[in-house]
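Engineer: Pasted the sequence and its predicted model underneath.
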Amino acid sequence: MGHFKTIIGHSPSLEAIVRNAKMVAATDVTVLIKGETGTGKELFANAIQRESQRADKPFITLNCAALSESLIESELFGHKKGAFTGAASHKVGLFESADGGTVFLDEINSLPLTVQAKLLRFLESGDCLAVGDTKVYHVDVRIISATNVDLNQQVKAGQFRRDLYYRLDVVPLELPPLARRIEDLEHLINHFMGMVADTHGKEPLLFNKSALTVLKNYPWPGNVRELKNLCERLSILVEGNSIDVEHLPREFFGAKIITSGEAFTLPDAGLSLEALEVDLIQQALQRAHGNRSKAAKLLGLTRDTLLYRMRKHGIND
(Lines give C-alpha, C1' and ligand atoms only; values in the text may rest on other atoms or scores of the structure.)
Protein backbone atom coordinates (compact mmCIF):
# COMPACT_ATOMS: atom_id res chain seq x y z
CA MET A 1 0.00 0.00 0.00
CA GLY A 2 2.86 2.33 -0.85
CA HIS A 3 0.75 5.04 -2.44
CA PHE A 4 -0.76 5.97 0.94
CA LYS A 5 2.73 7.12 2.02
CA THR A 6 1.91 10.40 0.24
CA ILE A 7 -0.48 11.12 3.14
CA ILE A 8 1.67 12.74 5.84
CA GLY A 9 0.93 12.25 9.54
CA HIS A 10 0.64 9.71 12.34
CA SER A 11 -2.22 11.08 14.44
CA PRO A 12 -4.84 8.47 15.50
CA SER A 13 -7.65 10.27 13.64
CA LEU A 14 -5.68 10.26 10.38
CA GLU A 15 -4.40 6.70 10.71
CA ALA A 16 -7.96 5.44 11.22
CA ILE A 17 -9.04 7.05 7.93
CA VAL A 18 -5.98 5.69 6.10
CA ARG A 19 -6.79 2.15 7.33
CA ASN A 20 -10.34 2.45 6.00
CA ALA A 21 -9.13 3.93 2.72
CA LYS A 22 -6.74 0.99 2.21
CA MET A 23 -9.62 -1.46 2.66
CA VAL A 24 -11.78 0.57 0.27
CA ALA A 25 -9.01 0.59 -2.35
CA ALA A 26 -9.07 -3.20 -2.52
CA THR A 27 -12.74 -3.14 -3.56
CA ASP A 28 -14.71 -1.47 -6.33
CA VAL A 29 -17.22 0.24 -4.04
CA THR A 30 -18.43 3.83 -4.50
CA VAL A 31 -16.70 6.22 -2.07
CA LEU A 32 -17.73 9.62 -0.69
CA ILE A 33 -14.88 11.62 0.84
CA LYS A 34 -16.05 14.29 3.28
CA GLY A 35 -13.98 17.10 4.74
CA GLU A 36 -13.36 20.80 4.96
CA THR A 37 -11.59 22.64 2.15
CA GLY A 38 -7.87 21.89 2.16
CA THR A 39 -7.98 18.62 4.13
CA GLY A 40 -6.61 16.50 1.26
CA LYS A 41 -9.68 14.90 -0.32
CA GLU A 42 -8.15 14.72 -3.81
CA LEU A 43 -4.94 13.26 -2.34
CA PHE A 44 -6.98 10.44 -0.78
CA ALA A 45 -8.91 9.86 -4.03
CA ASN A 46 -5.62 9.55 -5.92
CA ALA A 47 -4.19 7.11 -3.36
CA ILE A 48 -7.33 4.95 -3.47
CA GLN A 49 -7.26 4.81 -7.27
CA ARG A 50 -3.53 3.99 -7.46
CA GLU A 51 -3.99 1.08 -5.03
CA SER A 52 -7.11 -0.25 -6.77
CA GLN A 53 -7.49 -2.85 -9.52
CA ARG A 54 -8.14 0.07 -11.87
CA ALA A 55 -4.70 1.63 -11.22
CA ASP A 56 -3.54 1.16 -14.83
CA LYS A 57 -6.76 2.65 -16.23
CA PRO A 58 -7.72 6.33 -16.66
CA PHE A 59 -8.23 8.52 -13.60
CA ILE A 60 -10.12 11.71 -14.44
CA THR A 61 -10.97 14.54 -12.04
CA LEU A 62 -13.78 17.06 -12.43
CA ASN A 63 -14.56 19.93 -10.06
CA CYS A 64 -18.34 20.17 -10.17
CA ALA A 65 -18.27 23.79 -8.96
CA ALA A 66 -16.13 24.96 -11.87
CA LEU A 67 -18.68 24.57 -14.70
CA SER A 68 -22.21 25.75 -15.50
CA GLU A 69 -25.14 23.32 -15.55
CA SER A 70 -25.12 22.89 -19.34
CA LEU A 71 -21.36 22.52 -19.55
CA ILE A 72 -21.04 20.00 -16.73
CA GLU A 73 -23.63 17.67 -18.31
CA SER A 74 -21.79 17.81 -21.62
CA GLU A 75 -18.43 17.35 -19.86
CA LEU A 76 -19.58 14.21 -18.04
CA PHE A 77 -21.77 12.53 -20.68
CA GLY A 78 -20.63 14.13 -23.93
CA HIS A 79 -22.82 15.77 -26.55
CA LYS A 80 -23.99 15.13 -30.08
CA LYS A 81 -23.09 17.49 -32.92
CA GLY A 82 -25.69 20.27 -33.09
CA ALA A 83 -27.10 19.46 -29.64
CA PHE A 84 -26.88 23.16 -28.73
CA THR A 85 -25.45 26.40 -30.06
CA GLY A 86 -21.71 25.99 -30.45
CA ALA A 87 -21.77 22.17 -30.53
CA ALA A 88 -19.92 21.99 -33.84
CA SER A 89 -18.81 18.38 -33.42
CA HIS A 90 -19.41 15.28 -31.36
CA LYS A 91 -17.82 15.42 -27.90
CA VAL A 92 -16.82 12.35 -25.88
CA GLY A 93 -17.76 12.68 -22.21
CA LEU A 94 -15.50 11.99 -19.22
CA PHE A 95 -17.32 8.78 -18.37
CA GLU A 96 -16.71 7.37 -21.83
CA SER A 97 -13.07 8.54 -21.75
CA ALA A 98 -12.59 6.89 -18.35
CA ASP A 99 -14.17 3.55 -19.31
CA GLY A 100 -12.57 0.87 -17.13
CA GLY A 101 -11.08 3.48 -14.81
CA THR A 102 -12.13 5.99 -12.16
CA VAL A 103 -13.80 9.41 -12.17
CA PHE A 104 -13.31 11.69 -9.17
CA LEU A 105 -16.14 14.22 -8.77
CA ASP A 106 -14.90 16.96 -6.46
CA GLU A 107 -17.36 19.34 -4.76
CA ILE A 108 -20.21 17.09 -5.83
CA ASN A 109 -22.46 19.20 -3.60
CA SER A 110 -22.41 21.76 -6.47
CA LEU A 111 -23.82 19.28 -9.02
CA PRO A 112 -27.10 20.66 -10.51
CA LEU A 113 -30.27 18.65 -9.77
CA THR A 114 -30.85 17.81 -13.47
CA VAL A 115 -27.37 16.32 -13.75
CA GLN A 116 -27.85 14.51 -10.42
CA ALA A 117 -30.69 12.54 -12.03
CA LYS A 118 -28.45 11.41 -14.90
CA LEU A 119 -25.64 10.51 -12.49
CA LEU A 120 -28.06 8.41 -10.42
CA ARG A 121 -29.11 6.53 -13.55
CA PHE A 122 -25.46 5.87 -14.38
CA LEU A 123 -24.72 4.56 -10.86
CA GLU A 124 -27.71 2.23 -11.01
CA SER A 125 -27.16 0.82 -14.50
CA GLY A 126 -23.92 2.13 -16.01
CA ASP A 127 -26.01 3.81 -18.74
CA CYS A 128 -25.04 7.21 -20.13
CA LEU A 129 -26.84 9.50 -22.53
CA ALA A 130 -24.98 12.24 -24.40
CA VAL A 131 -26.67 15.64 -24.62
CA GLY A 132 -28.86 15.77 -27.75
CA ASP A 133 -28.66 12.01 -28.35
CA THR A 134 -31.28 9.28 -27.96
CA LYS A 135 -28.97 6.28 -28.00
CA VAL A 136 -27.74 5.11 -24.59
CA TYR A 137 -24.14 3.90 -24.21
CA HIS A 138 -22.74 1.80 -21.35
CA VAL A 139 -19.42 2.23 -19.53
CA ASP A 140 -17.68 0.66 -16.54
CA VAL A 141 -16.43 3.47 -14.31
CA ARG A 142 -15.84 3.68 -10.58
CA ILE A 143 -17.04 6.90 -8.91
CA ILE A 144 -15.16 8.57 -6.07
CA SER A 145 -16.79 11.82 -4.99
CA ALA A 146 -15.99 14.51 -2.44
CA THR A 147 -17.91 17.21 -0.60
CA ASN A 148 -16.84 20.09 1.64
CA VAL A 149 -20.37 20.67 2.98
CA ASP A 150 -22.90 18.48 4.80
CA LEU A 151 -24.89 16.71 2.07
CA ASN A 152 -27.53 15.73 4.65
CA GLN A 153 -28.35 19.42 5.07
CA GLN A 154 -28.52 19.85 1.30
CA VAL A 155 -30.89 16.89 1.06
CA LYS A 156 -33.16 18.47 3.70
CA ALA A 157 -33.04 21.78 1.81
CA GLY A 158 -34.07 20.06 -1.44
CA GLN A 159 -30.74 20.89 -3.10
CA PHE A 160 -29.45 17.32 -3.36
CA ARG A 161 -31.31 14.12 -4.25
CA ARG A 162 -31.71 11.76 -1.30
CA ASP A 163 -31.52 8.66 -3.51
CA LEU A 164 -28.27 9.88 -5.10
CA TYR A 165 -26.80 10.67 -1.69
CA TYR A 166 -27.41 7.09 -0.54
CA ARG A 167 -25.86 5.78 -3.76
CA LEU A 168 -22.72 7.89 -3.30
CA ASP A 169 -22.37 7.37 0.45
CA VAL A 170 -21.81 3.59 0.32
CA VAL A 171 -18.47 4.01 2.10
CA PRO A 172 -17.93 7.47 3.66
CA LEU A 173 -14.45 8.66 4.57
CA GLU A 174 -14.48 11.79 6.76
CA LEU A 175 -11.14 13.57 6.79
CA PRO A 176 -10.30 15.42 10.04
CA PRO A 177 -9.43 19.13 9.87
CA LEU A 178 -5.82 20.01 10.66
CA ALA A 179 -6.81 21.53 14.03
CA ARG A 180 -8.05 18.07 15.11
CA ARG A 181 -4.74 16.41 14.22
CA ILE A 182 -2.37 19.16 15.29
CA GLU A 183 0.20 16.53 16.37
CA ASP A 184 0.85 16.05 12.63
CA LEU A 185 1.79 19.71 12.19
CA GLU A 186 5.58 19.32 12.46
CA HIS A 187 5.58 16.26 10.15
CA LEU A 188 3.70 18.31 7.55
CA ILE A 189 5.95 21.35 7.99
CA ASN A 190 9.09 19.22 7.49
CA HIS A 191 7.53 17.65 4.39
CA PHE A 192 6.50 20.95 2.80
CA MET A 193 9.73 22.76 3.72
CA GLY A 194 11.71 19.90 2.20
CA MET A 195 9.65 20.04 -1.00
CA VAL A 196 10.16 23.79 -1.42
CA ALA A 197 13.88 23.53 -0.61
CA ASP A 198 14.34 20.81 -3.24
CA THR A 199 12.49 22.90 -5.82
CA HIS A 200 14.67 25.95 -5.21
CA GLY A 201 17.91 24.08 -4.50
CA LYS A 202 18.41 25.39 -0.96
CA GLU A 203 18.49 24.16 2.63
CA PRO A 204 15.03 23.89 4.23
CA LEU A 205 14.13 26.62 6.75
CA LEU A 206 13.21 25.71 10.32
CA PHE A 207 10.53 27.26 12.54
CA ASN A 208 11.90 28.18 15.96
CA LYS A 209 10.11 27.18 19.17
CA SER A 210 8.10 30.38 19.59
CA ALA A 211 6.87 30.32 15.97
CA LEU A 212 5.86 26.66 16.32
CA THR A 213 3.91 27.54 19.48
CA VAL A 214 1.90 30.09 17.51
CA LEU A 215 1.27 27.62 14.65
CA LYS A 216 0.11 24.90 17.06
CA ASN A 217 -2.46 27.26 18.56
CA TYR A 218 -3.78 28.57 15.24
CA PRO A 219 -7.20 27.15 14.15
CA TRP A 220 -6.11 26.53 10.50
CA PRO A 221 -9.37 27.37 8.68
CA GLY A 222 -7.67 26.51 5.37
CA ASN A 223 -6.29 23.25 6.78
CA VAL A 224 -3.29 21.48 5.18
CA ARG A 225 -3.50 23.57 2.02
CA GLU A 226 -3.15 26.75 4.09
CA LEU A 227 -0.10 25.29 5.86
CA LYS A 228 1.48 24.31 2.52
CA ASN A 229 0.97 27.83 1.16
CA LEU A 230 2.48 29.35 4.31
CA CYS A 231 5.58 27.14 4.06
CA GLU A 232 6.07 28.06 0.40
CA ARG A 233 5.63 31.78 1.09
CA LEU A 234 8.01 31.90 4.05
CA SER A 235 10.61 29.75 2.30
CA ILE A 236 10.79 32.35 -0.44
CA LEU A 237 10.50 35.54 1.63
CA VAL A 238 12.50 34.80 4.81
CA GLU A 239 16.25 35.32 4.74
CA GLY A 240 18.54 33.14 6.83
CA ASN A 241 17.68 29.63 8.01
CA SER A 242 15.19 30.25 10.84
CA ILE A 243 11.58 31.43 10.89
CA ASP A 244 10.61 33.47 13.95
CA VAL A 245 7.29 34.80 15.24
CA GLU A 246 7.90 38.14 13.56
CA HIS A 247 7.84 36.44 10.15
CA LEU A 248 4.32 35.06 10.61
CA PRO A 249 1.27 36.87 9.12
CA ARG A 250 -0.81 38.91 11.57
CA GLU A 251 -3.84 36.58 11.33
CA PHE A 252 -1.89 33.96 13.26
CA PHE A 253 -2.17 35.89 16.51
CA GLY A 254 -5.81 35.35 17.45
CA ALA A 255 -8.84 37.59 17.25
CA LYS A 256 -8.47 41.32 17.75
CA ILE A 257 -8.83 42.30 21.41
CA ILE A 258 -11.47 44.89 22.20
CA THR A 259 -10.55 47.19 25.03
CA SER A 260 -13.08 48.37 27.57
CA GLY A 261 -11.54 50.98 29.85
CA GLU A 262 -8.44 49.41 31.36
CA ALA A 263 -9.68 45.82 30.92
CA PHE A 264 -9.59 43.39 28.02
CA THR A 265 -12.76 41.85 26.63
CA LEU A 266 -12.43 38.25 25.47
CA PRO A 267 -13.68 37.95 21.88
CA ASP A 268 -16.73 35.72 21.34
CA ALA A 269 -14.66 33.39 19.15
CA GLY A 270 -12.04 33.02 21.91
CA LEU A 271 -8.28 33.21 21.41
CA SER A 272 -5.05 31.37 22.11
CA LEU A 273 -3.60 32.80 25.33
CA GLU A 274 -0.19 31.26 24.70
CA ALA A 275 0.04 32.61 21.14
CA LEU A 276 -1.15 36.01 22.37
CA GLU A 277 1.55 36.10 25.07
CA VAL A 278 4.24 35.29 22.50
CA ASP A 279 2.95 38.06 20.24
CA LEU A 280 2.79 40.66 23.04
CA ILE A 281 6.32 39.85 24.22
CA GLN A 282 7.60 40.20 20.65
CA GLN A 283 5.78 43.53 20.25
CA ALA A 284 7.16 44.85 23.54
CA LEU A 285 10.72 43.88 22.62
CA GLN A 286 10.38 45.53 19.22
CA ARG A 287 8.93 48.71 20.69
CA ALA A 288 11.70 48.79 23.31
CA HIS A 289 14.31 48.17 20.60
CA GLY A 290 15.45 45.01 22.41
CA ASN A 291 15.79 46.64 25.84
CA ARG A 292 14.42 43.94 28.14
CA SER A 293 13.89 46.21 31.13
CA LYS A 294 11.78 48.61 29.03
CA ALA A 295 9.91 45.71 27.42
CA ALA A 296 9.12 44.27 30.85
CA LYS A 297 7.80 47.66 31.98
CA LEU A 298 5.53 47.87 28.92
CA LEU A 299 4.05 44.49 29.89
CA GLY A 300 3.77 45.23 33.61
CA LEU A 301 6.30 42.52 34.45
CA THR A 302 9.57 42.40 36.31
CA ARG A 303 12.64 41.90 34.15
CA ASP A 304 13.21 38.42 35.65
CA THR A 305 9.62 37.38 34.89
CA LEU A 306 9.98 38.57 31.30
CA LEU A 307 13.24 36.62 30.91
CA TYR A 308 11.54 33.49 32.31
CA ARG A 309 8.65 33.81 29.85
CA MET A 310 11.00 34.44 26.96
CA ARG A 311 12.90 31.24 27.81
CA LYS A 312 9.62 29.34 28.14
CA HIS A 313 8.57 30.33 24.62
CA GLY A 314 12.04 30.15 23.08
CA ILE A 315 12.00 33.86 22.21
CA ASN A 316 15.30 35.48 21.30
CA ASP A 317 15.26 39.23 20.83
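Structural biologist: Sure, I can see it. Numbers count the residues shown, from 1 in each chain.
Engineer: how about residue 131, phi and psi?
Structural biologist: phi -60, psi 130 (degrees, to the nearest 10).
Engineer: I'd like the distance between the closest residue to it other than its chain neighbours and residue 105.
Structural biologist: Distance criterion CB to CB, 6 or more residues apart in numbering; nearest residue to residue 131, sequence neighbours excluded, is residue 79 at 3.9 Å. C-betas here are computed from N, CA, C, even on glycine. Residue 79 sits 19 Å away from residue 105, going by CB to CB, to the nearest Å.
Engineer: before we move on, what about residue 141?
Structural biologist: Taken as CB to CB, the spacing of residue 141 relative to residue 105 amounts to 11 Å.
Engineer: same deal with residue 128?
Structural biologist: 14 Å.
Engineer: go on, residue 52?
Structural biologist: Counting by CB to CB, the gap from residue 52 to residue 105 is 16 Å.
Engineer: now swap in residue 274 and tell me
Structural biologist: Relative to residue 105, and taking CB to CB, residue 274 is found at 41 Å.
Engineer: By mean pLDDT, flag the weakest helix or strand of this protein.
Structural biologist: None of the helices or strands of the chain scores lower by mean pLDDT, DSSP states H and E than strand 258-260, at a mean of 49.
Engineer: what ranges do the helices span in the protein?
Structural biologist: Applying DSSP state H to the chain gives helices spanning 12-25, 41-50, 69-77, 94-97, 113-125, 151-156, 162-168, 185-200, 209-217, 223-237, 273-287, 292-299, 303-313.
Engineer: In CSV: those helices, plus mean pLDDT, mean neighbour count and distance to residue 5.
Structural biologist: Converted to CSV, these look like this (pLDDT from 0 to 100; neighbours: other CB atoms under 10 Å; distance: least, CB to CB, whole Å):
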stretch, mean pLDDT, mean neighbour count, distance to residue 5
helix 12-25, 94, 16, 10
helix 41-50, 96, 22, 9
helix 69-77, 87, 20, 32
helix 94-97, 93, 19, 28
helix 113-125, 93, 16, 31
helix 151-156, 95, 15, 30
helix 162-168, 96, 17, 27
helix 185-200, 93, 16, 11
helix 209-217, 89, 20, 24
helix 223-237, 95, 17, 16
helix 273-287, 85, 18, 32
helix 292-299, 88, 17, 46
helix 303-313, 87, 15, 34
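Engineer: nearest to residue 250, of these?
Structural biologist: helix 273-287 (9.0 Å; CB to CB).
Engineer: roughly how far out does the closest one sit from the chain middle?
Structural biologist: Chain-centre distance of helix 273-287: 30 Å, with CA atoms, centre = their mean, to the nearest Å.
Engineer: what's the angle from that helix to helix 292-299?
Structural biologist: 130 degrees (axes from the mean of the first three to the mean of the last three CA atoms, to 10 degrees).
Engineer: who's in contact with the residue nearest the centre of the chain?
Structural biologist: By CA atoms, centre = their mean, the chain has its centre lying nearest to residue 38, at 1.1 Å. Contacts for residue 38 (CB atoms under 8 Å, 6 or more residues apart in numbering) come out as 178, 222-226.
Engineer: measure it to residue 226 for me?
Structural biologist: Taking CB to CB, one finds residue 38 at 6 Å from residue 226.
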